[in-house]
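Engineer: attaching a predicted model along with its sequence, questions to come.
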Amino acid sequence: MSQRVEARAPTIDVARAREETPGCANVIHFNNAGASLMPRPVLETVLDHLRLESSIGAYEAAEHEEPALERVYDSVAALLGARREEIAVVENSTRAWDMAFYGLRFAPGDRILTSAAEYVSNYISFLQVARRTGAVIDVVPSEPSGQVSVEALERAIDSRVKLISLTYVPTNGGLVNPASAVGAVARRARVPYILDACQAVGQIPIDVSEIGCDILAATGRKFLRGPRAVGFLYVRRAFLENIEPPFLDVHAAAWVARDRYEMRPDARRFENFETNAATKLGLGKAVEYALGWGIEAIQDRVRGLAAALRERLARLPGVTVRDIGAEKCAIVTFTVDGRDPEAIKSALAGKRINVTVTEAPATRLDMEARGLKSMVRASVHYYNTEDEIDRFCAAL
Ligand SMILES: Cc1ncc(COP(=O)(O)O)c(C=O)c1O
């Protein structure tokens, strides 16, 4: 009888990961959903480019590094299962999301479907566009588990629905929304689907064809471990023609006659001319570095660590773990009876432990529904250890 071999993601060499992460020597960093510690190869890529700029000139350095800058698009495309012409590299996730969202057209009565986990900036944009155009925002109910109800979404579809928006992983907890099931509904209904994957990239394997989104926005500094102030946008090739970027410049379009411009044919029409080449190269390196570990291996490791952290926190008196969802990720949220989350954050900072506080206005729909004002957010990465979890719980 032949033995069945389980296909398993390779495991992470934690010692190497820590050795390549200088910050591990200084802090217990549980603020990876804020910004992860950069690994040395990413840091060196950014610094090398800044040095090159200062030694030969910034435009000249960009020309010199042109092939490497072009490879950033291949790397991001590989991360998402996309094509390079479907990728734009911009300042952050918000700007990536905005450049697509504000390019969509809405008329009075058009419906935007969203869910309880929607991120503050996206929702503010819905409110602004609703005020300007007469479109309406409909929040699809959640299941008892806390994830968006795909059945309720299906029931909400009608001819007035012009956009489905989903936040894959919210800013305020470990919930992983069913992005692919939502994509299947969007595809059947032929409704555009925008996915905020800001907190998901780098910790969850992503394949845009499998998810079925038309637009995806994400950032470099969180679970991808890139530098700050660089993010990216994916727009499905066939969907590009449906969006006119809200801003165009000399990079996004060509001024071909006195009265005429022509937009770039690819997703770089959502970019602008002036960009930080150092952080862009850093993003590319961060993506390659993450792919080098394997996103499945990363996912395995961070889910294990987060589950261990939740389990140990739940045993501490007065601590309530607040994560919801049928599927959970690297983000762990909790409250402590009678203690202000900000005070907990500062006390931990005094012990060189980094966490952050997530407040109601960042995910108002969900936080109000659960009667929460703020929570401590501890988010782990693959370079964190069980020992750090023990020290964290002891400090708490
Ligand atoms: C779900 C979600 N979307 C978007 C953003 C915004 O990302 P950025 O700061 O890169 O614009 C965040 C930031 O925390 C987030 O948590």
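Structural biologist: Received, thanks. Numbering: from 1, shown residues only.
Engineer: interface residues of the protein facing the ligand?
Structural biologist: 92-94, 119, 167, 170-171, 196, 198-199, 219, 231 (CB under 6 Å from any ligand atom). All C-beta atoms are positioned from the backbone trio N, CA, C, and that covers glycine.
Engineer: go again with 8 Å.
Structural biologist: Within reach of the ligand by CB under 8 Å from any ligand atom, the chain has these residues: 33-34, 91-97, 117, 119, 121-122, 167-171, 196, 198-199, 217-222, 231, 362.
Engineer: and the buried ones among those residues, selectable in PyMOL?
Structural biologist: The buried residues among those can be selected in PyMOL (16 or more other CB atoms under 10 Å) with this line:
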select buried, resi 33+34+91+92+93+94+95+96+97+117+119+121+122+167+168+169+170+171+196+198+199+217+218+219+220+221+222+231+362
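Engineer: out of the residues of the chain next to the ligand, which sit inside strands?
Structural biologist: Among those, the ones falling in strands (DSSP state E) are 167, 196, 217-219, 231.
Engineer: now, which of those sits nearest the ligand?
Structural biologist: residue 219 (3.4 Å; CB to the nearest ligand atom).
Engineer: what sits against that closest one?
Structural biologist: The contact partners of residue 219, taken as CB atoms under 8 Å, 6 or more residues apart in numbering, are 92-93, 96, 198, 201, 226, 230-232.
Engineer: which residues does residue 187 contact?
Structural biologist: Per CB under 8 Å, 6+ apart, neighbours of residue 187: 193, 212.
Engineer: wait, is it part of a helix?
Structural biologist: Yes. Residue 187 forms part of a helix when assessed by DSSP: H, G, I helix; E, B strand; the rest coil.
Engineer: phi, psi of residue 341?
Structural biologist: phi -50, psi -40 (degrees, to the nearest 10).
Engineer: any idea how far residue 309 is from residue 343?
Structural biologist: Look at residue 309 and residue 343: by CB to CB, to the nearest Å, they are 20 Å apart.
Engineer: to clarify, my last question referred to residue 368.
Structural biologist: Residue 368 is 23 Å from residue 343, by CB to CB.
Engineer: again with residue 380
Structural biologist: Taking CB to CB, one finds residue 380 at 22 Å from residue 343.
Engineer: what does residue 66 give?
Structural biologist: Distance from residue 66 to residue 343, by CB to CB: 50 Å.
Engineer: which secondary structure element is home to residue 297?
Structural biologist: Here residue 297, judged by DSSP states H and E, is contained in helix 295-314.
Engineer: ok, now residue 163?
Structural biologist: Following DSSP H and E, one finds residue 163 within strand 161-167.
Engineer: what's next to that strand, contact-wise?
Structural biologist: 101, 104, 106, 110-115, 117-119, 122, 126, 135, 148, 153, 177, 179, 182, 185-186, 189, 191-196, 198-199.
Engineer: partner residues bridging the nearest residue to residue 310 once chain neighbours are set aside?
Structural biologist: Distances taken as CB to CB, 6 or more residues apart in numbering place residue 321 nearest to residue 310, at 5.0 Å, with adjacent residues excluded. Taking DSSP bridges as the rule, residue 321 bridges to residue 334.
Engineer: where do the helices of the chain begin and end?
Structural biologist: Assigned by DSSP state H, the chain shows helices spanning 14-19, 40-56, 58-64, 66-80, 93-101, 120-133, 150-156, 179-189, 208-211, 277-293, 295-314, 341-349, 364-369, 386-395.
Engineer: can you redo these as CSV with mean pLDDT?
Structural biologist: Putting those into CSV (pLDDT from 0 to 100) gives the following:
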stretch, mean pLDDT
helix 14-19, 98
helix 40-56, 98
helix 58-64, 98
helix 66-80, 98
helix 93-101, 98
helix 120-133, 98
helix 150-156, 98
helix 179-189, 98
helix 208-211, 98
helix 277-293, 98
helix 295-314, 98
helix 341-349, 98
helix 364-369, 98
helix 386-395, 98
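Engineer: those helices: which one's closest to residue 334?
Structural biologist: Comparing the helices of the chain by their distance to residue 334 (CB to CB), the top pick is helix 295-314, with 5.4 Å.
Engineer: may I see the buried residues of the closest one?
Structural biologist: Neighbour-count burial for helix 295-314 flags 295, 297-303, 305-306, 308-310, 312-313 (criterion: 16+ other CB under 10 Å).
Engineer: now do it against helix 386-395, angle only.
Structural biologist: Interaxial angle of helix 295-314 relative to helix 386-395 (axes from the mean of the first three to the mean of the last three CA atoms, to 10 degrees): 30 degrees.
Engineer: so which elements touch helix 295-314?
Structural biologist: Counting contacts by 3 or more CB pairs under 8 Å, 6 or more residues apart in numbering; DSSP states H and E, helix 295-314 is packed against strand 319-321, strand 331-336, helix 386-395.
Engineer: ok, residues contacting the shortest one?
Structural biologist: Outside strand 319-321, the residues that touch it by CB under 8 Å, 6+ apart are 310, 313-314, 332-337, 396.
Engineer: ok, now how distant is residue 91 from residue 230?
Structural biologist: 7 Å.
Engineer: how near is residue 372 to residue 366?
Structural biologist: Residue 372 sits 8 Å away from residue 366, going by CB to CB.
Engineer: end-to-end on stretch 88-96?
Structural biologist: End-to-end distance for stretch 88-96, by CA to CA, to the nearest Å: 8 Å.
Engineer: start the count at 12, not 1, going forward
Structural biologist: Let's use 12 as the start, then, which means that last one is stretch 99-107.
Engineer: tell me the contacts of residue 218?
Structural biologist: By CB under 8 Å, 6+ apart, the contact set of residue 218 is 91-92.
Engineer: so what pLDDT did it get?
Structural biologist: On the pLDDT scale, residue 218 is placed at 98.
Engineer: and it, backbone torsions?
Structural biologist: For residue 218, the backbone dihedrals are phi -130, psi 110 (criterion: degrees, to the nearest 10).
Engineer: with residue 366 instead?
Structural biologist: Torsion angles, degrees, to the nearest 10, at residue 366: phi -130, psi 180.
Engineer: thanks a lot, see you next time.
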